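Colleague: below is the sequence, then the predicted model.
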Amino acid sequence: MKTKGRAIRILVLVFVLLFSLKPLQAKTYPWKIVHPVFDSLAALLDTAANPDQEEQEAILKQLETISLSQNNAVLNIRYRFWNAYLNGDNWNTTQNENAKNNYLIETLSYIDSMNYDYDYARILFLILNSPNNSSDYLSQYQQLNQLIPIFQKYDDILHMGHCYRYLGILFGDLAQFDQAIGYFNKADECYSQISNKEALATNATNRAVLLYYMGERDSSVQLFKRLLQDTLLRQRPRTMISLYINLSLATVSEQQRRVYEDSAFMLIERYPDAADPEYRCALLVNIANRYHTSGNIDSAILFYKRALENAEEEHLKNVLMPTLMGLSSCYAQQEDYKNAYENMVRFYNLQEEVRGSSTVGEINRKENSLAINEYQNQLAIQAQKMSLQRRMTALITVSITLLAIILLVILLYLRQKKKLAETSLQNKELQTQQLQQEVDYQNRELSSNMLILSENRSFLQQVLAQLEKMRSKGDLSNPSEAELRKMITSHIQSEDEWDSFKIHFEKVHPGFFNTLKEKHPNLTTNDLKLCAYIRIGLNIKQIAQMTAVLPATIKTNRYLLKKKLQIDEDMSIDDYIASLGQ
């Protein structure tokens, strides 16, 4: 009836939980969401304030139901994780711990670690957290360092702190105390960042144990005493048992040691599943030793037997040895030599075994310590190489960038220079064109003026000829005819026409005549005139018209002029004369 009522309460709790689920946020739930209801329930288990045992059972049952109904590999892996995580106390024997490890290792093999790296990290962390984890120190060191960046990626500061704390414990076991303290400090930074007092207290306990093994007994005792006053820790029997036992080992005062041992024993009796098996056995041996020393042999034998039973069950050889020695001594005092001899024989047999194991363990620790140091050196060398490579890459990048900038500046400069040169050339060409157009215009104007003058002269000659005919016929009086003939003749034979042309010509073609005379001093005035007419572009007919001669004469004169100028056969006189004016 009681079981049925409990099942009903769990069922009701499941419905309450399902209807009270809240949307998940990546910051508070780093797992990749696969099934909203499943992940919302799992989030309740993953919070800092975990539900009580009934709630855990209800949630775990619901997770199992969902994973089976969905036939989803990821959900099945997560259910297996939570099953191992929540039922840790039910695996609390060596045999069960081995089964739990195998269970988790099998689960780990199913994970797609690329797409579900956080799942992989949590399961591997749980394996490393197992007391019977068979990994050597080097493997643990490598795996913990592998997990830290994954937890950092998902902003899981709590598990980052746990990794640092376990690394501190690992280096404490290897007696590398400076590194151990460094990792405990990093763990404290993580726990302080999320204000997790319980984790801070646990880390302080590890630090106090480390101080004890470092020989700083007083500092260790003071830290343990401060932790005993922590109200949060006083609500956790497992932690309090650990504190009392550690204080009993660290304290010098016999009276205080007895108080701490009795306090730990009372808690163990009240919460038998809360104590670590090795701590529980060690405490029983210490109490037995106390009774043995005080002469209470019967009580001593009773506690030795309890310690022996627990040590044999948990295969704790280090506890078995003082237990067997104590029992042998107690039986000898009671004159029970048979039991005394049997326990002594077991002690010596075990001593040889433990001595060999201790030697092997010590050698193993030293080898692992050297291996870790070598691994750290390799990591440091690799980090230096990577740093150097990054620097070289940065230097090469900067150099290439600077070179590219310099080349770009040079190209821009050359482009601008070319552009300026092209612009200058265009301007020069434009100026040349404008100048040539001006010269051509003035040449045309000179030619036009000369042609007009030539036409006027021709007209006047015609008028003069007509007057001559009229005079011969007697149509004009002699005084009028003579005066008119004089006026016309003066205009036809005037030298001002050439002088005026020469002035205008030299304005358009400065230095033309001087250059021509320098190169060809044997040229006559008529030759110079002919050169000038050719320079302004007059053809043979136009020149003949202007000079009142036949075109054939001008053609002959051009030929003779070419000979005088000594011009090559393949070059025209027009091109040669044009080149003199440039």
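Modeller: Cool, the structure landed.
Colleague: over to residue 112. Which of the three states is it?
Modeller: Recorded secondary structure, residue 112: coil (DSSP: H, G, I helix; E, B strand; the rest coil).
Colleague: what about it, neighbour count?
Modeller: Neighbours of residue 112 under the rule other CB atoms under 10 Å: 12. Backbone N, C-alpha and C define where each C-beta goes, glycine included.
Colleague: against residue 102, how distant is it?
Modeller: Distance, residue 112 to residue 102, by CB to CB, to the nearest Å: 21 Å.
Colleague: I figured residue 220 was touching residue 250, is that so?
Modeller: Yes: counting by CB atoms under 8 Å, residue 220 does reach residue 250; the two are 5.0 Å apart.
Colleague: hmm, residue 517 is touching residue 523, no?
Modeller: Yes: if you go by CB under 8 Å, residue 517 and residue 523 touch, sitting 6.8 Å apart.
Colleague: state the helix or strand in which residue 58 lies.
Modeller: Taking DSSP states H and E as the criterion, residue 58 maps to helix 53-70.
Colleague: what about residue 517 and residue 523, which has more around it?
Modeller: residue 523 (18 against 12).
Colleague: buried ones in stretch 183-199?
Modeller: Residues 183-184, 186-188, 190-191, 196, 199 are the ones in stretch 183-199 that count as buried (16 or more other CB atoms under 10 Å).
Colleague: returning to what we had before: distance from the chain centre to the helix holding residue 58, please.
Modeller: In this view, helix 53-70 has its centroid 42 Å away from the chain centroid, taken as CA atoms, centre = their mean, to the nearest Å.
Colleague: which strands or helices does the helix or strand following that helix pack on?
Modeller: Moving toward the C-terminus from helix 53-70, the next helix or strand (DSSP H and E) is helix 73-86. Packing partners of helix 73-86 (3 or more CB pairs under 8 Å, 6 or more residues apart in numbering; DSSP states H and E): helix 36-45, helix 53-70, helix 94-109, helix 117-128.
Colleague: where among those is the average confidence lowest?
Modeller: Note on the helices and strands packed on helix 73-86: lowest mean pLDDT is at helix 94-109, with a mean of 76.
Colleague: angle of that helix against helix 117-128?
Modeller: For helix 94-109 against helix 117-128, the angle by axes from the mean of the first three to the mean of the last three CA atoms, to 10 degrees is 160 degrees.
Colleague: can I get helix 94-109 as PDB, trimmed to CA atoms?
Modeller: Output in PDB follows, covering the C-alpha atoms of helix 94-109 (Å, rounded to 0.1, in the frame of the first residue of the first chain):
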ATOM      1  CA  THR A  94      34.000  -1.400  -6.500                       C
ATOM      2  CA  GLN A  95      32.100  -3.900  -8.600                       C
ATOM      3  CA  ASN A  96      29.300  -1.500  -9.300                       C
ATOM      4  CA  GLU A  97      31.700   1.400 -10.000                       C
ATOM      5  CA  ASN A  98      33.400  -0.800 -12.700                       C
ATOM      6  CA  ALA A  99      30.000  -1.600 -14.100                       C
ATOM      7  CA  LYS A 100      29.100   2.100 -14.100                       C
ATOM      8  CA  ASN A 101      32.400   3.000 -15.900                       C
ATOM      9  CA  ASN A 102      31.800   0.400 -18.500                       C
ATOM     10  CA  TYR A 103      28.200   1.600 -18.900                       C
ATOM     11  CA  LEU A 104      29.400   5.200 -19.400                       C
ATOM     12  CA  ILE A 105      32.300   4.200 -21.700                       C
ATOM     13  CA  GLU A 106      29.800   2.300 -23.900                       C
ATOM     14  CA  THR A 107      27.500   5.400 -23.800                       C
ATOM     15  CA  LEU A 108      30.400   7.600 -24.800                       C
ATOM     16  CA  SER A 109      31.100   5.400 -27.900                       C
END
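Colleague: so which bits of the helix or strand containing residue 300 are buried?
Modeller: Assigned by DSSP H and E, residue 300 belongs to helix 297-314. Within helix 297-314, the residues that count as buried by 16+ other CB under 10 Å are 299-304, 306-308, 310-311, 314.
Colleague: lowest-confidence helix or strand of this protein?
Modeller: Within the chain, no helix or strand scores below helix 2-19, which has a mean of 46 by mean pLDDT, DSSP states H and E.
Colleague: Provide a list of residues in contact with residue 124.
Modeller: Contact partners of residue 124, counting by CB atoms under 8 Å, 6 or more residues apart in numbering, are 108, 143, 146-147.
Colleague: hmm, try it at 7 Å
Modeller: Applying CB atoms under 7 Å, 6 or more residues apart in numbering, one finds that residue 124 lies in contact with 108, 143, 147.
Colleague: could you do residue 103 as well?
Modeller: By CB under 7 Å, 6+ apart, the contact set of residue 103 is residue 84.
Colleague: out of the helices and strands packed on helix 73-86, which is the most enclosed?
Modeller: Most buried of the helices and strands packed on helix 73-86 by mean neighbour count (mean count of other CB atoms under 10 Å) is helix 117-128; its value is a mean of 21.
Colleague: distance to residue 137 added to the helices and strands packed on helix 73-86, as TSV?
Modeller: Output for the helices and strands packed on helix 73-86, formatted as TSV (distance: least, CB to CB, whole Å):
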stretch	distance to residue 137
helix 36-45	31
helix 53-70	33
helix 94-109	17
helix 117-128	12
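Colleague: who touches stretch 317-328?
Modeller: Here stretch 317-328 makes contact (CB under 7 Å, 6+ apart) with 278, 281-282, 285, 288-289, 292, 300-301, 304, 307-308, 311-312, 340, 343-344, 346-347, 350-351, 354.
Colleague: what about residue 517, which helix or strand?
Modeller: Per DSSP H and E, residue 517 falls inside helix 512-519.
Colleague: residue 377 now?
Modeller: Residue 377 is part of helix 337-473 when elements are defined by DSSP H and E.
Colleague: what average pLDDT does that helix get?
Modeller: Helix 337-473 shows a mean pLDDT of 76.
Colleague: next: stretch 322-333.
Modeller: Average pLDDT, stretch 322-333: 90.
Colleague: just stretch 242-252 next, same as before
Modeller: Average pLDDT, stretch 242-252: 83.
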